[in-house]
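[1] Give me coordinates for this.
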Amino acid sequence: MKASLLLLLSPILLLGLGIGLLLMNSMGCNYEMRVTDGDLSYYGVCRWGQAHFIETDNRSGAEWSVKAFQLAVADQLLFIIQERRQLKAGDGSDSKLDHYNQAQASFHLLNYAWLPIDEKRIALFQTAPHHDVLLATREGPIHLMDSIFGSP
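    Predicted coordinates:
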């Protein structure tokens, strides 16, 4: 009886253990990141799994705040968006940042793959809304395993 109960509960226990390890790894973020992509610049901070990015359209002056919970699995970063908020309206010219944030308002997941280039720089790979490679500078670990084992 006990063996069959343990057999029945083992998938649930393994799932719980996996989710626990995922959350613990994700909460190990302790970084600041800067990304520049043409006229757009991003400054982000992640602590204890909470990521906060300030997005700026340098051409129009528009500025947005995006808050998310970061889940990190190996080389994948999944951001569960909690809030997108416009901090500053631009000068009235066409802003790519405004269009992007307004179009993405109903989507609450963003996914990037990341690859360390050296100790300070990483490449971020995105596939949605379009394929792109972004270069970022960062200070600090992306997740707990990055903190313990470091980047190659």
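[2] remind me, longest strand of the chain?
    Identified as the longest strand of the chain according to DSSP state E is strand 76-88.
[3] Averaged pLDDT, the next helix or strand along the chain from that one. What do you get?
    The first helix or strand that comes after strand 76-88 along the chain, using DSSP states H and E, is helix 96-103. Mean per-residue pLDDT for helix 96-103: 75.
[4] For the remainder of this discussion, apply numbering that starts at 17.
    OK, 17 is where the count begins now, so the last one is helix 112-119.
[5] hmm, who's touching helix 112-119?
    55-56, 71-73, 76, 78, 80, 82, 100, 102, 106, 145 (Cβ atoms under 8 Å, 6 or more residues apart in numbering). C-beta coordinates here come from the backbone N, C-alpha and C atoms, glycine included.
[6] which of those residues sit farthest apart?
    Within the contacts of helix 112-119, Gly106 and Pro145 form the most distant pair, 20.2 Å apart (Cβ to Cβ).
[7] For the chain, which residues score under the pLDDT cut-off?
    17, 145, 167-168 (pLDDT under 70).
[8] which residue is nearest the middle of it?
    Centroid check for the chain by Cα atoms, centre = their mean gives Phe95 as the closest residue, at 4.3 Å.
[9] circling back to that earlier point, reformat the contacts of helix 112-119 as CSV; add neighbour count and secondary structure.
    Putting those into CSV (neighbours: other Cβ atoms under 10 Å; DSSP: H, G, I helix; E, B strand; the rest coil) gives the following:
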residue, neighbour count, secondary structure
Asp55, 13, coil
Leu56, 18, strand
Glu71, 21, strand
Thr72, 20, strand
Asp73, 24, strand
Ser76, 19, coil
Ala78, 24, coil
Trp80, 21, strand
Val82, 20, strand
Arg100, 19, strand
Gln102, 15, strand
Gly106, 17, coil
Pro145, 11, coil
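[10] Need the phi and psi values for the closest residue to Ala105 other than its chain neighbours.
    In space, Ala105 comes closest to Ala78 once its chain neighbours are excluded; the distance is 6.4 Å by Cβ to Cβ, 6 or more residues apart in numbering. Dihedral pair for Ala78: phi -70, psi 140, per degrees, to the nearest 10.
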